[in-house]
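S.K.: Based on what follows, work out the 3D shape:
(chains A, B, C and D)
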Protein chains: 2
Amino acid sequence: MTKNRYRRDELLEIAIDLFASRGYVGTSIRDIAKAIDRSVSNVYHYFENKEELWLAILEYSVQGLPEKLRTVAHGEGEPMERFKNLLKLHLEESTRHQRETKIFFIDEERLSPKGKLINKRIQKEILDIYVEQLRLLQSHNLVRTKHLKILAFNVLATINWFLRWYDPEGDMSKEEIYDEIIDFVLHGMCKK
Amino acid sequence: MTKNRYRRDELLEIAIDLFASRGYVGTSIRDIAKAIDRSVSNVYHYFENKEELWLAILEYSVQGLPEKLRTVAHGEGEPMERFKNLLKLHLEESTRHQRETKIFFIDEERLSPKGKLINKRIQKEILDIYVEQLRLLQSHNLVRTKHLKILAFNVLATINWFLRWYDPEGDMSKEEIYDEIIDFVLHGMCKK
DNA sequence: ATAAAAATAGAACAGACGTTCTATAATTTT
DNA sequence: AAAATTATAGAACGTCTGTTCTATTTTTAT
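M.R.: Down below sits the predicted model:
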C-alpha cells in the first residue's frame, strides 16, 4: 500500500508554490495539474477536493507549529531567555516554511467554515502562547505594558510581516535579520 | 454633466466592502451589482472593467496617503516628535480607511502589471518616507540600529498588522491602542 | 418641446471553474 | 498467471466568470 506517497507529495509541493504566489482563489486545480504535467483527475485521486488539498498543506507544515513553539516556551532557562528562544524558533520555522506560512495568511476568508475554523484555531493557539509568556514576564516585572494582548499582536506583527518582505536572495544573512527583529521586539527603535 | 457622481460612489462603497471581505478574485462584478441591486452593465457604465474599479478604490483612499504622511514628516517640531506624529497619522488614516487599506494588501499578486506597479509604487513611497525619517533620527543619534530598512519594515509591520486584528467594536478606544502601538514601536516590550 | 447624453436592464458569449464519470494503463497482491 | 488495487487520462457537467451588445428609460441641455 501507500507506496506512491511520493507522487502525492510532489503534487503538494507544486500546489504550495502556486497557492503561495497566486492565492487560493487565484489557483485552479487545472493550474496545478498543468504545472506538474498530470491530469485534473489525477489531482482528485490524491485529494478529495480543493479545500482538502489546502488543508493537507496546512497539516504538512503549519499545523505542528504551535506544539513546537510551546515546547520551547516551556523549556529551560530564565523567562526572558526562553522568550527570546521562542521568537528565534518562530522566525526560523516561518522562514523554513515561508511559502506555506504565507498561504496560511492569504485568502483565509474564502475557505469553507471548516477551513476557516482550522485557520483561526491555529492562529489563536499561537497568540495564546505569546500572551501566556508575556504574562509570565509581566509577573517578573520585565514587561512595560498592561495590555498583554495588544502587545502580543504587535510581537506577532513583526514576525508575520517579516514573511512579506524577506527575500532569501538578499544580502543580509537570516541570522542577522533575526537578531535585528528580536532586538526590535524587545527594545523598539529608540536608543536606551 | 457629472451630476450622478453620487451613483458612482455608491457603487464604489459597495465594492470596497466586498473586496475587503472577500478579496479581489473572490468578488465578482455580479456580486457587486447584486449587492447594490443594479445590473451588471450598470457597473460597466461607471467603470471600464474590474481592475479599473479596483484602481478607482485605491485612488479614492490609499493613493493620497504618502503625500499626507510626507506633510507631517516634514512638518514642525523636534525630529522625534515629528516621527511620533507620523506614526499617529498613519494609524489614524489606516483606521479611517480600514477596509480600503486592507484591500491594498490583499490579492496584489492577482492584479495586472499596471495594477501591480501602482501598488508597489505606493508601498515604496511609504517605505521611503520612513527610511528617510529614521535616517534623520539616526543622525541625531536617537536610533539604535544600523539597518534602517529592516527597522522601517518592522515599524510598518506593526502599523499594517494592526489592521488585521483591530475591531472597532472592541472595548479599547482607538487612542489607547494607538498609544500602545507607538510605545511598542519606540521602546519595544521590555521595561527600561 | 426636442435633441442629446447619461443611466439602466437584460440577454448573450466564450472561457474558466470545481467536480464527476467512464475507461484504460500500471502496479501490487494473491 | 489471475485478480485486485492503484494511478492515470480525457471527456463532460453545470455553474460562474469578465465582458459586450442591443435596447430602453431617464435625465439634462438646447
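S.K.: quick one: A:Ala20 is in a strand?
M.R.: No: secondary structure of A:Ala20 (DSSP: H, G, I helix; E, B strand; the rest coil): helix, not part of a strand.
S.K.: So for the helix or strand harbouring A:Ile14, what gets flagged as buried?
M.R.: Using DSSP states H and E, A:Ile14 sits in helix A:5-22. For helix A:5-22, a neighbour-count test (16 or more other CB atoms under 10 Å in any protein chain shown) marks A:11-12, A:14-20, A:22 as buried. In short, each C-beta sits where N, CA and C put it, glycine included.
S.K.: now, which of those residues sits nearest DNA strand C?
M.R.: Nearest to DNA strand C among these: A:Arg22, at 9.2 Å, using CB to the nearest atom of the strand.
S.K.: B:Lys102 versus that closest one, what's the distance?
M.R.: The gap separating A:Arg22 from B:Lys102 is 19 Å, by CB to CB, to the nearest Å.
S.K.: Map the structural domains onto the sequence of chain A.
M.R.: A:5-50, A:61-187 (automatic domain parsing).
S.K.: chain center to the first one: distance?
M.R.: Distance of domain A:5-50 from its chain centroid, counting by CA atoms, centre = their mean, to the nearest Å, is 20 Å.
S.K.: same thing with the last one?
M.R.: In terms of CA atoms, centre = their mean, the centre of domain A:61-187 is found 8 Å from the chain centre.
S.K.: out of the buried residues of helix A:5-22, who's nearest B:Gly26?
M.R.: Nearest to B:Gly26, judged by CB to CB, of these is A:Arg22 at 12.8 Å.
S.K.: Can you tell me, leaving aside adjacent residues, what's nearest to the closest one?
M.R.: B:Glu109 (6.0 Å; CB to CB, 6 or more residues apart in numbering or on different chains).
S.K.: Can you name the residues that contact the one you found?
M.R.: Residues near B:Glu109 by CB atoms under 8 Å, 6 or more residues apart in numbering or on different chains: A:21-23, A:26, B:116.
S.K.: now do A:Gly23
M.R.: So A:Gly23 contacts A:106-107, B:23, B:25, B:107, B:109-110 (CB under 8 Å, 6+ apart).
S.K.: Need the pLDDT of it.
M.R.: A:Gly23 carries a pLDDT value of 93.
S.K.: any idea how far it lies from A:Ile129?
M.R.: Per CB to CB, A:Gly23 is found 27 Å from A:Ile129.
S.K.: near chain B, anything from the longest helix seen in chain A?
M.R.: Secondary structure of chain A per DSSP state H: the longest helix is helix A:113-139. Yes: using CB under 8 Å from any CB of the partner chain, helix A:113-139 reaches chain B at A:134, A:137.
S.K.: and that helix, which residues are buried?
M.R.: Applying 16+ other CB under 10 Å to helix A:113-139 flags A:115, A:118-119, A:122-123, A:126-127, A:129-131, A:133-134, A:136-138 as buried.
S.K.: Nearest to DNA strand D among those?
M.R.: A:Gly115 (18.1 Å).
S.K.: Quick check: which element contains the nearest residue to that closest one once chain neighbours are set aside?
M.R.: Spatial nearest neighbour of A:Gly115, chain neighbours left out: A:Glu51 (5.5 Å); criterion: CB to CB, 6+ apart. Secondary structure from DSSP H and E places A:Glu51 in helix A:50-60.
S.K.: in that helix, what's buried?
M.R.: In terms of neighbour count (16+ other CB under 10 Å), helix A:50-60 has its buried residues at A:50, A:53-58, A:60.
S.K.: Reformat the residues you listed as a markdown table; add pLDDT and distance to DNA strand D.
M.R.: Converted to a markdown table, the buried residues of helix A:50-60 look like this (pLDDT from 0 to 100; distance: CB to the nearest atom of the strand, whole Å):
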| residue | pLDDT | distance to DNA strand D |
| --- | --- | --- |
| A:Lys50 | 97 | 12 |
| A:Leu53 | 97 | 14 |
| A:Trp54 | 96 | 19 |
| A:Leu55 | 95 | 19 |
| A:Ala56 | 96 | 15 |
| A:Ile57 | 96 | 18 |
| A:Leu58 | 93 | 22 |
| A:Tyr60 | 88 | 17 |
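S.K.: Count the residues that sit near the closest residue to DNA strand C within chain A.
M.R.: Going by CB to the nearest atom of the strand, DNA strand C is nearest to A:Ser28 of chain A, at 3.0 Å. Here the count is done by other CB atoms under 10 Å in any protein chain shown, and A:Ser28 has 13 residues near it.
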